[in-house]
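Undergrad: can't give you the sequence, but here's the structure:
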């Protein structure tokens with residue numbers, strides 16, 4: 001017997017409550033389209049009674065395979081890029097399944113957050129395996145994780161909204177890792193010496209967005225807590 005799922009309007013309302021009141025129905029076409037796509041996939045999995053935790057676990061396993069693939073040279077980097085894409089889809093679907101099938105929980109939120117951080121560490125490890133300097137990779141990861149720490153402490157201090165949507169949110173991290181590994185693999189096929197350099201450019205891009213986004217987030221948190 002198929003499981004019950006929310007309609008799109010019901011889903012959008014529930015999703016908004018979980019994202020600081022941000023209504024996807026009033027968002028830009030790209031954001032609205034992405035949320036609707038996630039809703040379609042989440043609804044299907046919800047009807048099939050697939051649990052959100054199972055989707056989260058599958059996404060985490062895919063992430064852990066990314067640096068393993070990247071260690072296999074240019075072709076491996078291309079495979080790693082494909083795995084990042086699959087992990088990004090799984091990340092969108094686990095929350096969508098939970099909301100669409102009304103199975104959201106505080107414990108599930110914690111599981112998802114931990115899986116996201118571990119997954120991002122795996123993507124950065126893939127850039128390091130592909131040749132990016134370790135210090136650069138660690139710096140990018142540290143600044144990105146500082147985003148989540150700052151938000152968590154701000155919420156504990158009384159902030160009730162998301163603070164600000166920065167240029168370094170989860171979709172940006174997925175995109176940077178995906179494009180960096182894709183370009184590194186393609187460049188490595190043309191000339192093996194280009195693999196490490198392209199991976200380094202990807203790590204620099206990650207760090208740039210992370211630093212810029214942290215400044216945006218700090219400003220948003222400051223305004224929210226002073227009100």
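TA: Yep, that arrived. In this text, all values refer to a predicted model and were calculated from it rather than measured experimentally.

Undergrad: count of neighbours near residue 56?
TA: 25 (other CB atoms under 10 Å). From N, CA and C alone the C-beta is placed, and that goes for glycine too.

Undergrad: typo on my end, it should be residue 78
TA: Residue 78 has 21 nearby residues by other CB under 10 Å.

Undergrad: quick one, what contacts the spatially most central residue of the chain?
TA: By CA atoms, centre = their mean, the chain has its centre lying nearest to residue 170, at 3.5 Å. Shown in contact with residue 170 (CB atoms under 8 Å, 6 or more residues apart in numbering): 91, 116.

Undergrad: is it correct that residue 97 is in contact with residue 46?
TA: Yes - counting by CB atoms under 8 Å, residue 97 touches residue 46, with 5.3 Å between them.

Undergrad: who touches both of the two?
TA: The overlap between the contact sets of residue 97 and residue 46 (CB under 8 Å, 6+ apart) consists of residue 103.

Undergrad: the more surrounded of those two?
TA: Legend: neighbour count by other CB under 10 Å for residue 97 and residue 46, higher for residue 97 (31 against 26).

Undergrad: what does the pLDDT read for that one?
TA: Looking at residue 97, its pLDDT reads 93.

Undergrad: what of residue 76?
TA: Model confidence at residue 76, given as pLDDT, is 98.

Undergrad: same check, this time on the one 5 residues further on
TA: Residue-level confidence at residue 81 comes out at 98, pLDDT.

Undergrad: what's the burial count for it?
TA: Neighbouring residues of residue 81 were enumerated by other CB under 10 Å; the total is 23.

Undergrad: that one: what's it in contact with?
TA: Contacts of residue 81 by CB under 8 Å, 6+ apart are 178, 179, 181, 182, 185.

Undergrad: quick check, nearest of those to residue 219?
TA: Proximity of the contacts of residue 81 to residue 219 (CB to CB) peaks at residue 179, which lies at 27.1 Å.

Undergrad: if we can go back for a sec, so among the contacts of residue 81, which ones count as buried?
TA: Buried members of these, counted by 16 or more other CB atoms under 10 Å: 178, 181, 182, 185.

Undergrad: which strand or helix spans the second one?
TA: Using DSSP states H and E, residue 181 maps to helix 170-190.

Undergrad: top helix in this protein by residue count?
TA: With secondary structure taken from DSSP state H, the chain has its longest helix at helix 194-226.

Undergrad: looking at it now, give me its mean pLDDT.
TA: pLDDT averaged over helix 194-226 gives 95.

Undergrad: not counting sequence-adjacent ones, nearest residue to residue 8?
TA: residue 39 (6.1 Å; CB to CB, 6 or more residues apart in numbering).

Undergrad: so residue 63 is in contact with residue 126, correct?
TA: No - here residue 63 does not reach residue 126: they are 9.3 Å apart, not a contact under CB under 8 Å.
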